[in-house]
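[1] With the input below, show me the fold.
(chains A and B, ligands or ions: 2)
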Amino acid sequence: MIAKEKNDPTVNACKLCSPLGASFVFKGIENCIPLLHGSQGCSTYIRRYMIGHFREPIDIASTNFGEETAIFGGRENLTIALDNIIKAYKPSVIGIATTCLSETIGDDVPMYLGSYVNDRKDLVIPKLVHVSTPSYKGTHQDGFYATINSLIETIAEGGEKTKTINFIMNLFSPADIRWFKELSECYNIESIIMPDYSDTLDGEYWGEYKRMPEGGTKIEDIQKMGRSIGTIEFGNILSEKGGAGEILESKFGVKSYGIGFPVGITNTDYFFSLLESITDTKLPEKYRKERGLLIDSYVDGHKYLFGKKAVLYGEDDLVLGLASFIRELGMIPVVIGTGRKTGLLEKVINEVIPDYKSLNISIIENIDFEDIGRIAQEKEADILIGHSKGYKVARDLNIPLIRVGFPIHDRIGGQRVRVLGYQGTQELLDRIINAIIEKKQSDSPVGYMAM
Amino acid sequence: MNQNTTISPEEIKDELLRSYPAKVAKKRAKQIIINSVDKATDEVPEIMANVRTIPGILTMRGCSYAGCRGVVLGPTRDILQITHGPIGCGFYAWLTRRNQTKPATDKDENFMTYSMSTDMTENEIIFGGEKKLKAAIEEAISIFHPKAIGIFATCPVGLIGDDIHAVAREMESLHPEVNIFGFSCEGYRGVSQSAGHHVANNKVFTDVVGLNDTVKEGKYKINLLGEYNIGGDAFELDRIFEKCGITVVSTFSGNSTYDDFTRAHTADLNLVMCHRSINYLAEMMEKKYGLPWFKVNFIGAYDTAKSLRKIGEYFGDKELKDKIEKVIAEEMIVVEEIKKDVTTRTTGKTAMLFVGGSRAHHYQELFKEMGMKTISAGYEFAHRDDYEGRKVLPTVKIDADSRNIEELKVSADPEKFKERKKASELDSLKANKNMEMNDYIGMMPEMDENTLIIDDLNHHEAEVLIEKYKPDIFCAGIKEKYVVQKSGVPVKQLHSYDYSGPYAGFVGAVNFYKEIDRMVNSKVWKYVKAPWEKETQLAATYACD
Ligand code: SF4
Ligand code: SF4
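    Ligands and ions are numbered 1, 2, ... in the order given. Down below sits the predicted model:
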C-alpha cells in the first residue's frame, strides 16, 4: 500500500468534506432542513455541488459567520438562524452540522442548542439534531455516517419488537434507494429506510414551488428503529468500523448485519439470502428472474471484459463493492483507491478479493487524482470507474470513464445511476461493456458495425 | 404564460416583507427598492447593499475565498494555485466555473485543471499548518515548475494563526525563480465573494502588475478588466479587437497568463467590464501608472458598438474610428437579420435578473434588444455604486465587514508613471458624459420607473416574485435554477451560461437571441399536464355548470 504521508499535499482530491455528507443525510429526513454552522461559503459550495449532481432545488442554510463571530463564537448567529429557519420553513427537524471554522474555534453547539430549547419552553420547536463534522478529521463519508448515528442516537427508542427491518443506506443514488423500497413491497415486508432522499433529491415536476420537498424518512420511523427485528447496513469498511447498526444493537438489542454493497452476483446473493433468513420470507420470483437474466448477460458479455484493467476510485465501500463485481467477470481492478483514510482498506480487501496479492493491485487510501493518473498510466488501465472528477485522467489516457457515485456534474442523470441488485448490476455491466466496445470500434481502422 | 406587469410594486414589496420577523423586515426593506430616476441628474433612491446576510436566510452568495480563488484568479492558467485549508474548499473551487482558456501551444502550461490543497488535518489545526504549506509549495515546484504560485487562505487558517505571507516570502527566497504570493481571503472576511475580489485585486497589483516593462507591439493598446471568459466571451472580444486593430495587452483574467499581468501597466487604457470585481485594480493602476479607465459593456450588440466607439473616441484617431465603424457595419448585418426574426416572438416578454455584481445590469441590454422588458433585477454581491453609480461613493458607509479588507495607499510610481493624455484632453473626455471616464453610472439609472430592485435576493423572495409576476424568463445561477424551474419558469444561468455561449460581442448577441427565443417559446412546459389531468379538469368544470 502506497498511502500518502502525513505531510503530502493533495493534488486534485478524491474526497469531499464532511458537512456535505451530513447534508445528504439531513435531506433524507422528512421535513428537515440542514443548517451549517460556520461561514456561508461552505454551505453555498455544498449546495452548488449537490444541485449540480441532482438538478433539484436544495436548501442548506448557514449561520453565516463574520470575522467577529469567528473570534467571539457563533452562539448569537445560531440563535438568529434557528429563529429565521423556523419562521420560514416550519420544519420538523433542523439538522445542525459544524464546519471546520466553528470546529476550530471550538464552539459548544450542544450547549447553545440546550439553552435555545430551554429559553423557548412554551413554544413548539422542531427537533434540533447536532452533528460534529470537522473536515480536517474525515471526509464526506464520515460526515454521512456521523449524521446517521447522531439522528439514531437522539431519536430512536426501544420497546416491544416489531417485524420491521432497518435498511441503513450508504451514499446511494436516489434510484438505488428506490430499489430498497420496491423490494420491501415485493417481499411484503415492513422496512425503514434511513436516510431516504429518493424523493427529496430526485423529485417530480411540481408546477408550483414547495418550500419543503415531500419525502424522506419520518421521525416516527426513526423512533421505531430500536424495535425492529434487525438492521442491515452496507459497506465492508463500515461494518468493520461499526456503524449505526451497532448503536441500535447495543442500545436496544436490534441485531445488526453489516454486509458489502449488493452489487454483482455474490454480494447480491448474500444480501437476499440474509434477507430471507431474517424475515423468513422466500425470494420473490421477480428477483430470481432478474438474477437469471444477469447471469445470462455475464455469459454474453464476459468475453469483452476478461482481463481488462479497471481503475476504481471514490468512496471506499463503493469501490470495494465494484471490485467484487468486476472480479466476477475476470476484470482486474489495478487500482482500488479512496480519498478516505481508515487504515482498513487492505485488511478488508482480503474478504472481497482473496487472491488480491497475485493480481498486483494498488490499494491506496488517501489517494488523489495525481496518484490515480500516474498509476493508471503505468499499469495501462483500460477503463476508469468512478465519479466525474476522473474525467481529466480519462481524457489524458484516452480511455473510457464509467460514471458512478458522486459527483456527476458532466452528464445528466447522476441521480438515476443504478449499481445495486441484480438489475442495477445489469445496467452497470451493460455500460461497462458498451464503453469498451465503443472504444474498440472508434479506434479501429475499419469502421466495423458488428462488434 | 401569464404576464403581469401591472401589479403595484408597493404591494409586492409588502408581500415580500410580510413573513419576516420585524427586525429582518426592517433590514430587508432597505434592500428592496422601487426604482425612480430623476432624468436630469440620474439621481435614484438609496439602496442598502454589501451588508451581511442574516443567518438562516438562504442567500445566493458565496465567500471571499470563492471570489478570490474562483472568480478573479481562477481563469488564469499558469499561476499555480494552492488552497491552504481543509479539503472541501479546494475541492469545490476546482474547475467549478466555466472559464475557458487556450494555451498558445501544447507545451504551454495550463494548471486550470488542477486543484492543489494542503488538505489540513487535525494535526495542523492544533499545531499550525505552515510546515505543511511549505511542503506543498516544494511539491508544487518540483511537479509543475510554475512561474508563479498563489496561496489562498480558507477560514481556519486565519484562526490558527498561520502566516501565509511569511511562508510565501521564505519559500520565494529559496526559489527566487518563482514568484510566490498569498491571499488572505478567509471566507469569513467581508460579506460575500466581493471581499475576495478586493483581496485578489490588491495582491495582483502589488506583486504581479508592473514587473515586466516590455511593451507589446501595437498602436492602440488596452487591457480588458473584469472579463472572465465564461463560455468563450473573451475569445469573441479578442476577435473583434483584432479586427479593429486594437491590441489587448492583458485580460483580467479570462484566458490570461501571468506574463500578460506583469506588463499590464504598459497598455494605454483600461476597459472595465465587471465593475464590481475589478474597479480597484483600474483605480490603482491609474494612480500608479497613469492609465485612464472607463466602463464598457460588451453584452448586447448595440452596447458592444457603443463601447467600441468609446475606444475610438479615447484614442481620438480617425483611422481607428473609421475602422471601428466599418467593423460595426459589417457585424451588424447578421445581428439585425436574426434580431428581426426573433423579436417577432420575443417582443413584450418579461425577464428578471438576479445575478453577480454586473451581469444583472449588462444583460438587460440584450433583453432590450429583443424587445423584452426587465421587470425586476438585483445583484448578489454588489455595492451601492454598482446600483446607484459611482457618484455615491463618498457617502457609502464603511462597516466592520468592509473595514477588514485592506485599502491600499497608492501613489504615482516615480519611474513607471506615464501620462497617457494631457490634462486638458482628459478633462474634455471627462466632460463627455457618454464616455463614463473613471466612472460607472450604475444599474438603477438605466432601469424603468417602478421596477423592483432587490439586493441579495433569497429563496423566499424569489418564490414570491415568480408567483406574482410569472416572468417569461428568470436569470440567475445554478442554485436558483431548479427552484424556479419547478414552478414552470425557465431559468437562464448567467454564471455558467448553461454550458453554452459566448454571449459577449456580436456573435454572442446572436447566440443569446436564439437561446432566449428557444427558451421563452419552449414546448416542454406544454407537457406538464397529462391528458387525463386535463380531462378531469374539463369534467369538473362541466359538473359545476
Ligand atoms: S471554509 Fe471559509 S473559505 Fe472555505 S468554503 Fe467555507 S467560507 Fe469559504
Ligand atoms: S471549511 Fe471545511 S466544511 Fe467548509 S468547505 Fe472547507 S472543508 Fe468543507
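[2] Might one say that A:Thr338 is in contact with A:Val319?
    Yes: the pair A:Thr338 / A:Val319 is scored as a contact, 5.9 Å apart, by Cβ atoms under 8 Å. For every residue, glycine as well, the C-beta is placed using N, CA and C.
[3] what's the overlap in contacts for the two?
    Residues touching both A:Thr338 and A:Val319 by Cβ atoms under 8 Å, 6 or more residues apart in numbering or on different chains: A:Tyr313.
[4] Of those two, which one has the most company?
    A:Val319 (30 against 27; other Cβ atoms under 10 Å in any protein chain shown).
[5] Leaving aside the residues adjacent along the chain, what's closest to the more buried one?
    In space, not counting the residues next to it along the chain, A:Val319 is nearest to A:Leu312; the distance is 4.3 Å by Cβ to Cβ, 6 or more residues apart in numbering or on different chains.
[6] State whether that neighbour is indeed within a helix.
    No: with DSSP: H, G, I helix; E, B strand; the rest coil as the criterion, A:Leu312 is located in strand rather than a helix.
[7] my guess is it contacts A:Gly321, does it?
    No: between A:Leu312 and A:Gly321 there is no contact under Cβ under 8 Å: 9.4 Å.
[8] what residues are shared contacts of those two?
    Counting by Cβ under 8 Å, 6+ apart, nothing touches both A:Leu312 and A:Gly321.
[9] ok, now how distant is A:Val93 from A:His130?
    11 Å (Cβ to Cβ, to the nearest Å).
[10] ditto for A:Glu76
    The value you get for A:Glu76 to A:His130, if Cβ to Cβ is used, is 17 Å.
[11] now swap in A:Tyr187 and tell me
    Plainly put, A:Tyr187 is 36 Å away from A:His130 if you go by Cβ to Cβ.
[12] For the residue of the stretch 351-451 of chain A found nearest ligand 1, give me its contacts.
    Distances between the stretch 351-451 of chain A and ligand 1 by Cβ to the nearest ligand atom are smallest at A:Pro407, namely 16.0 Å. By Cβ under 8 Å, 6+ apart, the residues touching A:Pro407 are A:16, A:49, A:52-53, A:387-389, A:414.
[13] Report the contact partners of the nearest residue to it once chain neighbours are set aside.
    Sequence neighbours aside, A:His53 is the residue nearest to A:Pro407 in space, at 4.6 Å (criterion: Cβ to Cβ, 6+ apart). Counting by Cβ under 8 Å, 6+ apart, A:His53 makes contact with A:406-409, A:414-415.
[14] What are the structural domain limits within chain A?
    A:17-138, A:165-279, A:295-443 (automatic domain parsing).
[15] most neighbours per residue, which of the ones you listed?
    Highest mean neighbour count among those (mean count of other Cβ atoms under 10 Å in any protein chain shown): domain A:17-138, with a mean of 23.
[16] Verify the stated contact: B:Ala153 with B:Cys68.
    No: B:Ala153 is beyond contact range of B:Cys68, at 9.0 Å (criterion: Cβ under 8 Å).
[17] out of those two, which sits in the busier spot?
    B:Cys68 (33 against 29).
[18] confidence score at residue 241?
    Because you didn't say which chain, this covers chain A. pLDDT recorded at A:Lys241 is 94.
[19] hmm, I had chain B in mind actually
    98.
[20] same thing with B:Gln3?
    46.
[21] What residues does the stretch 301-450 of chain A have near chain B?
    A:339, A:370, A:389, A:392 (Cβ under 8 Å from any Cβ of the partner chain).
[22] now those residues in TSV, with pLDDT?
    As requested, these are exported to TSV (pLDDT from 0 to 100):
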residue	pLDDT
A:Gly339	96
A:Glu370	93
A:Lys389	96
A:Lys392	95
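[23] Poorly predicted segments of the chain, please.
    In the absence of a named chain, this looks at chain A. Along chain A, the parts satisfying pLDDT under 70 run over A:1-7.
[24] should've been chain B
    Ranges of chain B meeting pLDDT under 70: B:1-6, B:533-545.
[25] Which residue ranges of it form strands?
    Secondary structure of chain B by DSSP state E: the strands cover B:32-34, B:79-84, B:116-117, B:148-153, B:179-183, B:220-227, B:246-253, B:269-272, B:293-295, B:350-354, B:373-378, B:452-454, B:473-476, B:491-493.
[26] The stretch 301-450 of chain A too?
    With DSSP state E, counting those that start in this stretch as the criterion, the stretch 301-450 of chain A has strands at A:309-313, A:332-337, A:362-364, A:383-386, A:401-403.
[27] now those strands as TSV including distance to ligand 2?
    Compiled in TSV, those are given as follows (distance: least, Cβ to the nearest ligand atom, whole Å):
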stretch	distance to ligand 2
strand A:309-313	20
strand A:332-337	20
strand A:362-364	21
strand A:383-386	21
strand A:401-403	23
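[28] Quick check: which of those strands is nearest to B:Ala166?
    strand A:362-364 (33.9 Å; Cβ to Cβ).
[29] For the closest one, which strands pair with it and how are they oriented?
    strand A:332-337 (parallel) (DSSP bridges).
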